[in-house]
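Engineer: quick one, fold the following:
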Amino acid sequence: MSLTKAEILGAPRRVLEVPTPEWPKGKDGKTAFIYVRSLSGTERDETLKREDETDKDFIARLAVLLIGNKDGTPMFTEAEGESLMDAPEFTPIERAIDMGLTFNARSADAKKVLAGNSEAILSESIGSE
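Structural biologist: Predicted coordinates:
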């Protein structure tokens, strides 16, 4: 079955539960979790590191982009990104970023950027068109 333009543009955001065993358990006594959300094309482009951006700022921006509510809306604002970096237990946030990048098919690109290989991503993108 072929989708219509309206169905494509109106598709709901997907979300993925990320377990957070390092944080307190949920009210039901089970391991709590946070959601990562699917990104729009515009948001997906934001997963590339900006030239003047520090690694810390880049990671904070990724956390803000990827961590969301159950309905797929962002949980944090850009202004709150720095407070995420100062969370007393950062492992679940890091896991959410890793799983969010994979969920959005960006994990390889993000790893290249963090390794300083953003030129390789541009070359691959241009070469694949």
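Engineer: ranking helices and strands of the chain by mean pLDDT, which lands last?
Structural biologist: helix 118-127 (a mean of 43; mean pLDDT, DSSP states H and E).
Engineer: can you tell me the helix or strand for residue 76?
Structural biologist: Assigned by DSSP states H and E, residue 76 belongs to no helix or strand.
Engineer: contacting residues around it?
Structural biologist: 63-64, 67, 84 (C-beta atoms under 8 Å, 6 or more residues apart in numbering). C-beta coordinates here come from the backbone N, C-alpha and C atoms, glycine included.
Engineer: 7 Å instead, please
Structural biologist: Neighbouring residues of residue 76 by C-beta atoms under 7 Å, 6 or more residues apart in numbering: 64, 67, 84.
Engineer: so which strand or helix has the first one?
Structural biologist: So that's residue 64. helix 55-66.
Engineer: how far off centre is that helix?
Structural biologist: 8 Å (C-alpha atoms, centre = their mean, to the nearest Å).
Engineer: go on, stretch 75-83?
Structural biologist: 13 Å.
Engineer: would you map the helices across this protein?
Structural biologist: For the chain, the helices defined by DSSP state H cover 5-9, 41-45, 55-66, 81-85, 91-103, 107-114, 118-127.
Engineer: check which residues of the helix holding residue 64 are buried.
Structural biologist: 58-66 (16 or more other C-beta atoms under 10 Å).
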